[in-house]
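# Below is the sequence, then the predicted model.
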Amino acid sequence: MQTDARTLLAAAIERTAAGERNGLQTAYRLTSAKLFGVCLRILHERAEAEDVLQEVYLTVWQKAADFDPARASPMTWLITIARNKAIDRLRSRGHASRMEPIDSAVEIADTAPLAEDSLAAGETSVRLRDCLGGLAAREQNALRGAFFDGNTYEELAARMNVPLGTMKSWIRRALQKLKLCLGQ
Amino acid sequence: MSDDRNHIEPPDDDTLAAEYVLGVLSAVERAEAARRIARELGFAALVEAWQARLVPWMDEIVSVQPPLDLWNRISAALPAERVRSQGLWNSLMLWRWLTAGAGALALASLVALFVAINAPAAPLLVASIEGGGNRQFVATINPGRNTVSVVPAGYANDPARVPELWLIAPGDKPRSLGLPNAERPVALAIPADLRRFATGESALAISLEPPGGSPTGAPTGPVIGQGKLTAL
């Protein structure tokens, strides 16, 4: 996301916090396509994703005053709300999320984002990508299943056909490696 | 490290925060983590740090346009007490509802409402400004008052540019009527020297311009919609 768009979005959230519908509407116009993409990716069902997206913006309306631009980018804040709502919905519907087997031997495809779709500080994204690239393929696949498909440890263990304990140590080790690599 | 197949240690707080952000916890574990975020500043800070680390990965997700009426559903669900009273004319919801339908019925209702509210003496001129498969704005010229009321319909706000309204008489160059609001209806005064062009022969168009409007007096950005004026 461009710096002006980020400033505009932060200002829109600030106006939302003051109770201005126009603020929320501007935030919606700037971010709804991205957040809908996030909800759809996790939920896979359009009607459900629409429901959740609606919940997301109602939450933004209620919680806009909690947003602190000094602590998080506005897009990170919004995506986090959308992810949390989508994952909560996934868990509450009882049946499993995406469950096709993941072949841990297969290298994941390079899925660099489209330039115009790039939302965060691009630099952060590039560094994260480098660090993810440094992980073993199976670790990357496991993280990806959790992050993009909303899988639990149990589901990931089933998808990758490994014991639960093994899956937990893969993911925890991968997270530690990421943290170290990102140096934050 | 041995391949700890079934030996699972409880995670430390930083790991738990990472697992929460990654989205790998069960419903019960998630709910417990969410309770701790609300109560414990230290744990909340760990979660925030992991959000900053991992959320940029969402760059990979391709944007998908939600259905056009979803904003209306959200807007309708907002609590009423926080809405400032803007009067009927400025009620965005009402206008969105009236202009959302692509059919003539919506336009007719809109005009009927306008007539009811403003009871003009001279016949009104209406243009549905359309482009890119959408009705972008609906504009109504009131020759009695020398105003043009411009109502956003399917117009998608552009963060970097503003819409500018143009009056185009047959064989003439576009002449600016000013900058309509991207989000709510406004009435713009028609400059005295342009009033003679405000007839059923002319058309209206919207172009995208830098903030403040076209620096040259002629459209400089893309024309996103146009529509002929029709006398009622």
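It's in. Numbers count the residues shown, from 1 in each chain, chains lettered A, B, ... in the order given.

# Which residue ranges of the chain form helices?
Picked chain A for this. Taking DSSP state H as the test, the helices found in chain A are A:3-17, A:21-43, A:46-63, A:74-92, A:122-133, A:137-149, A:153-159, A:164-182.

# right idea, wrong chain: chain B
Along chain B, counting by DSSP H, helices occupy B:13-22, B:27-39, B:41-54, B:70-77, B:92-100, B:104-118.

# Run a quick neighbour tally on B:E201.
13 (other CB atoms under 10 Å in any protein chain shown). Every residue, glycine included, has its C-beta placed from N, CA and C.

# how many other residues sit next to the closest residue to it other than its chain neighbours?
Computed as CB to CB, 6 or more residues apart in numbering or on different chains, the closest residue to B:E201 that is not its neighbour in sequence is B:P170, at 5.5 Å. Using other CB under 10 Å, the number of residues around B:P170 comes to 9.

# could you say what helices and strands the helix or strand of chain A with the lowest mean pLDDT packs with?
When the helices and strands of chain A are compared on mean pLDDT, DSSP states H and E, helix A:122-133 comes out lowest with a mean of 82. Applying 3 or more CB pairs under 8 Å, 6 or more residues apart in numbering or on different chains; DSSP states H and E, we find helix A:122-133 packed against helix A:137-149, helix A:164-182, helix B:41-54.

# picking up where we left off before, can you flag the weakest of the helices of chain A by average pLDDT?
Taking each of the helices of chain A in turn, the lowest mean pLDDT turns up on helix A:122-133, with a mean of 82.

# leaving aside the residues next to it on the chain, what's closest to A:E48?
Once flanking residues are discounted, A:E48 sits nearest to A:R89: 6.5 Å by CB to CB, 6+ apart.

# for that neighbour, what are its contacts?
For A:R89, the contacting residues are A:L43, A:E48, A:D51, A:V52, by CB atoms under 8 Å, 6 or more residues apart in numbering or on different chains.

# So among those, which ones count as buried?
Of the members of the contacts of A:R89, the ones counted as buried by neighbours, 16 or more other CB atoms under 10 Å in any protein chain shown, are A:L43, A:E48, A:D51, A:V52.

# Now the two most distant members of those.
A:L43 and A:D51 (9.0 Å; CB to CB).

# could I get the helices of chain A as TSV with distance to B:D69?
As requested, the helices of chain A are exported to TSV (distance: least, CB to CB, whole Å):
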stretch	distance to B:D69
helix A:3-17	21
helix A:21-43	12
helix A:46-63	10
helix A:74-92	19
helix A:122-133	33
helix A:137-149	28
helix A:153-159	34
helix A:164-182	40
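
# quick one, which of those is nearest to B:N146?
Distance to B:N146, taken as CB to CB, is lowest for helix A:21-43 among the helices of chain A, at 27.7 Å.

# so B:L208 makes contact with B:G221?
Yes - using CB atoms under 8 Å, B:L208 makes contact with B:G221 at a distance of 3.9 Å.

# how is chain A carved up into domains?
When chain A is parsed with automatic domain parsing, its domains come out as A:3-92, A:115-182.

# Please convert those domains to CSV, extending it with distance to B:D14.
Rendered in CSV, the data for the domains of chain A read as follows (distance: least, CB to CB, whole Å):
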stretch, distance to B:D14
domain A:3-92, 18
domain A:115-182, 8
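
# tally of neighbours for B:V62?
Taking other CB under 10 Å as the neighbour definition, B:V62 ends up with a count of 13.

# now that we're looking at it, how far away is A:L40 from it?
When distances are taken as CB to CB, to the nearest Å, B:V62 and A:L40 turn out to be 9 Å apart.

# so where is chain B shaky, pLDDT-wise?
For chain B, applying pLDDT under 70 flags the ranges B:1-8, B:80-121.

# longest strand in it, by residue count?
Of all the segments assigned as strand in chain B under DSSP state E, the longest by residue count is strand B:134-142.

# For that one, which strands pair with it and how are they oriented?
Each strand that strand B:134-142 pairs with, and the sense of that pairing, follows from DSSP bridges: strand B:125-131 (antiparallel), strand B:147-152 (antiparallel).

# can you redo those as CSV with mean neighbour count and distance to B:D158?
What follows is the strands paired with strand B:134-142, written out as CSV (neighbours: other CB atoms under 10 Å in any protein chain shown; distance: least, CB to CB, whole Å):
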stretch, mean neighbour count, distance to B:D158
strand B:125-131, 22, 13
strand B:147-152, 24, 12
